[in-house]
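Chemist: what shape does this take:
(2 chains)
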Amino acid sequence: MHPAYSVIFFTTASGAGYGLIATMALFGVLNGVTLDPWFGAIGFGLGTLLITGGLLSSTAHLGHPERAWRAFSQWKSSWLSREGVLATATYVPLALTAWGWIVEGSLEGPFGLFAVALALLCVLTVHATAMIYATLRTISAWHNKRTVPVYLSFALLTGSMWFHALAQMFGYQTPMQAAIVAIGLLLVLFLKRSYWRTIDLTPGASTPESATGLGDIGKVRLLDNPTMTETFVQREMGFSIARKHSLKLRRLAFLGYCAIPFALTLLTSEAAPAVAVPGTLAAAICVSFGVVIERWLFFAEAKHVSMLYYGAQSS
Amino acid sequence: MTLLPARKPQGQEVKLGLVIDLDTCVGCHACAVNCKEWNTGGHSAPLPDNNPYGTDPNGVWFNRIHTFEAGQGTDSRTVHFPRSCLHCEDAACVTVCPTGASYKREADGIVLVNEDACIGCKLCSWACPYGAREYDTDAGVMKKCTLCIDRIYNENIPEDERVPACVSTCPASARHFGDLGDPESAVSQLVAERGGYELMPEMGYKPVNRYLPPRAAKKNQGPSGVGAALSRIATEDAPGAAAGSGKFLRWVDRVLSR
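Modeler: All right, here's what the predicted structure looks like:
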C-alpha cells in the first residue's frame, strides 16, 4: 500500500495525543500525579495539538475536505465514520477534564467521571482507527488479530513517554510514571514482533489462480498488463518495498521505539533532574521517530489482493 | 446510506450483472474503449484523461483487460481477462464508505457512487479486492462501473441497445448482460451450462458477475494450417477429375517450397 505521509502523520500524532491525554486523565483521577495547573495546561495543550493536527492532516489527502462533515453520518457501518464521531466526541470530556485539572485543581466528583470518560473515548478512538485497517479483508497483513493491539499499545507507549518527559520537566518523578512506560515498551516489544512474524509466515488466502479462476488449467502468470503506464490501482495499492530494506527498517524502527528509549528510561528515570529531563525527553523524541518508521512500514509492507491481477504471485 | 439493502429471499432478488466468456474473448480491448466512450458522456462523466499524448498517460477506465498465461509448456493457454466491477452482493466498498456516497441499489443490485457526497478518501478502493474503482484526480471523487445504468433503462435508445456499452460492442460476443438472480434468465442458463464461476470466492464478497472458463484445448489434431493442408493434398493420390488439380497443387507446393 502506498504510504501516504498525511496518514502516517495522522495515525502517529493522534496516537501519541490520545495516549498522552488518556495517561494524564488516568493519573489525574487516580491521584498518581499532582494537579499542577501548568503541567495540566502543557500536557492537555500538547495532547490537543497532536490530535487536532493529526485530524486536520488526515483531511489533507481528501479530494473534497470541505465535505468532511459528511463522514459523521455512516457510523452504523463504517469504521472511518465511527473514528470521526469518536474523535470529535472526545473534545467534550477533554475540555471538561482540562478545566477540572487546571482551573478547579481537582478531578473529584463529576470531573472524575469526565476524566474516566475521556480516557475511555481516547482508547475507543484509537481502536476505531485501527479497525479501519483491521477490517480490510483485502489486505491480509492488516486483517489479523494483532493490528488493533499494536495500534493501542503504540498509542500507550508514545503517550506515556511524553507524559513521563513532561512530568520530569515539572519536577514530578514517581515510579508509577516509569512503570507505565515500561508496560508500553513491553507491549510493543511483544506485539510488534508477533505482528511481523504473522505477516511473514502467513500470506493471504488468495492467489493468481483464485483471482482469475484459471487454476484448473495450471499455474497462472501475468503476460500483459492492461496499460503501459501505471493505473490508479497500481499507484495506490501496488507500492512495494524490497525485503532487504524492509528488514533494515524494521531494525531501525525497533531501535527507535523500543531499544534506545528502554535504555534511556532505565538510566534516567530516577536520576537528578539535570539528567532525567533531557534523558526522558530524548526517549520520547526517539520513540516518536521509531513509530513513524514503524507506521511507514505498516503501509509499505502491506500487500493488496488486487495486485494479483498485476503480476503479484501472493497476497 | 452505506448499509447494504436488506436481502430478499433467493430467486426474488434482481441481480444485474455481466457474464464474461474467457473462451471467446480475443483481448481486443474494444469493451474498454466503448465503455470509456460511453461513460465519459454518461452518469459519471467526464472520465479524466491526463497527459494523453505524453510519456505517462493516465485516466479513469472502468474496464481493464489483462492477459494471463495458465499452465506451462505446450499445455499452457493464453487467456485474455477483462476486469471490471462485479457488483458484489456483500460489497465492502459500500459499507466502508464514511459518507453514504457509495451505495448498492435495492432494485437491481447495481453499486454506484453519489459523486456529490463523495469526499475522495479512497477507502472504498482499498476495500475492493478486484481493483475495480478508480479515483478521478480532477474531480476529487471516486468513480466506478455503473453497469451503464444510463443505457440499460434508457427509453431514448432502441430496445436492443439497452445493454452495457461493453456488451454491445464486443465483436466476439464474449460479454453477456442480464439478471443473475433469476435462475431462468439467459445469463443464468449460460452460467449453469458452461460452469461459470466467481472470482476470489474466498474473499466472501459474493460478486454477481460470472466468468466462463476457457473450453478444454483440442489435442492430437495433427498438423494444421495452410502448409499442412497443402502438403496433405499434394501428397494425396488424386484419382479421376481431381488429378489435374493435384498436379497444379503439387506445382504450387514446389514453388512455395523454394
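
Chemist: from here on, contacts and neighbour counts on C-alpha atoms
Modeler: OK.

Chemist: which parts of the stretch 51-200 of chain B are strands?
Modeler: Assigned by DSSP state E, counting those that start in this stretch, the strands in the stretch 51-200 of chain B fall at B:58-59, B:64-70, B:77-83, B:102-104, B:111-113, B:134-136, B:141-143, B:175-179.

Chemist: now chain A
Modeler: A:220-224 (DSSP state E).

Chemist: quick one: low-confidence parts of the stretch 101-250 of chain B?
Modeler: B:220-221, B:234-245 (pLDDT under 70).

Chemist: kindly report the residues of it close to chain A.
Modeler: B:117-121, B:125-131, B:133-135, B:137, B:139-141, B:197-203, B:213 (CA under 8 Å from any CA of the partner chain).

Chemist: out of those residues, which sit inside helices?
Modeler: B:125-127 (DSSP state H).

Chemist: nearest to chain A among these?
Modeler: Chain A lies nearest to B:Ala127 out of those, by CA to the nearest CA, at 5.8 Å.

Chemist: so the closest one touches B:Asp90, yeah?
Modeler: No - at 11.4 Å, B:Ala127 does not count as touching B:Asp90 under the criterion of CA atoms under 8 Å.

Chemist: between those two, tell me which one has more neighbours.
Modeler: Neighbours were counted for B:Ala127 and for B:Asp90 using other CA atoms under 10 Å in any protein chain shown; B:Ala127 has more, 27 against 16.

Chemist: distance of that one from A:Tyr133?
Modeler: Using CA to CA, to the nearest Å, we find B:Ala127 at a distance of 10 Å from A:Tyr133.

Chemist: again with B:Thr95
Modeler: Distance from B:Thr95 to A:Tyr133, by CA to CA: 14 Å.

Chemist: what sits in contact with each of those two?
Modeler: Counting by CA atoms under 8 Å, 6 or more residues apart in numbering or on different chains, B:Thr95 and A:Tyr133 have no shared contacts at all.

Chemist: count the neighbours of A:Ile42 for me.
Modeler: Neighbourhood size, A:Ile42 [other CA under 10 Å]: 12.

Chemist: before we move on, what about B:Ser125?
Modeler: Residues near B:Ser125, counting by other CA under 10 Å, number 26.

Chemist: so how far does stretch A:224-240 reach from one end to the other?
Modeler: Its start and end residues considered, stretch A:224-240 measures 19 Å (CA to CA).

Chemist: who touches residue 143 in this structure?
Modeler: With no chain named, the answer covers chain A. Contacts of A:His143 (CA under 8 Å, 6+ apart): A:133-137.

Chemist: can you look at chain B instead?
Modeler: Contact partners of B:Lys143, counting by CA under 8 Å, 6+ apart, are B:44, B:60, B:113, B:115, B:133-136.

Chemist: what sits opposite the residue nearest the centre of chain B in the beta ladder?
Modeler: Centroid-nearest residue in chain B: B:Pro82, 4.0 Å away (criterion: CA atoms, centre = their mean). Beta-bridge pairing for B:Pro82 (DSSP bridges): B:Ile65.

Chemist: in terms of pLDDT, where does it sit?
Modeler: Note on B:Pro82: pLDDT of 98.

Chemist: and it, how far is that from A:Leu281?
Modeler: The value you get for B:Pro82 to A:Leu281, if CA to CA is used, is 56 Å.

Chemist: quick one: the helices in chain A?
Modeler: Applying DSSP H to chain A gives helices spanning A:5-29, A:37-58, A:79-99, A:110-134, A:147-169, A:175-201, A:208-212, A:232-237, A:243-254, A:260-268, A:273-300.

Chemist: got the buried residues for the lengthiest helix in chain B?
Modeler: For chain B, the helix with the greatest residue count under DSSP H is helix B:242-257. Under the neighbour-count criterion of 16 or more other CA atoms under 10 Å in any protein chain shown, helix B:242-257 has B:246, B:249-250, B:253 buried.

Chemist: name the nearest of those relative to A:Ala155.
Modeler: B:Asp253 (81.3 Å; CA to CA).

Chemist: check contacts around B:Cys118.
Modeler: Residues near B:Cys118 by CA under 8 Å, 6+ apart: A:64, A:67, B:99-102, B:141-142.

Chemist: wait, B:Leu199 sits on B:Pro207?
Modeler: Yes - B:Leu199 lies in contact with B:Pro207 (CA under 8 Å); the separation is 7.3 Å.

Chemist: check the gap between the residue located most distally from the centre of chain A and B:Pro214 for me.
Modeler: What lies farthest from the middle of chain A is A:Ile217; by CA atoms, centre = their mean that is 44.2 Å. Applying CA to CA, one obtains 9 Å for the distance of A:Ile217 from B:Pro214.

Chemist: and what of B:Leu230?
Modeler: Counting by CA to CA - B:Leu230 and B:Pro214 are separated by 30 Å.

Chemist: looking at those two, which is more packed in?
Modeler: Applying other CA under 10 Å to B:Leu230 and B:Pro214 shows that B:Pro214 carries more neighbours, namely 18 against 15.

Chemist: can you pull the contacts of the closest residue in space to that one that isn't next to it in sequence?
Modeler: Ranked by CA to CA, 6 or more residues apart in numbering or on different chains and with sequence neighbours excluded, the top spatial neighbour of B:Pro214 is B:Asp23, at 3.9 Å. Applying CA under 8 Å, 6+ apart to B:Asp23 gives the contacts B:79, B:174, B:212-215.

Chemist: now those residues as TSV including distance to B:Gln10?
Modeler: Formatted as TSV, the contacts of B:Asp23 follow (distance: CA to CA, whole Å):
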residue	distance to B:Gln10
B:Val79	33
B:Ala174	27
B:Leu212	22
B:Pro213	25
B:Pro214	29
B:Arg215	30
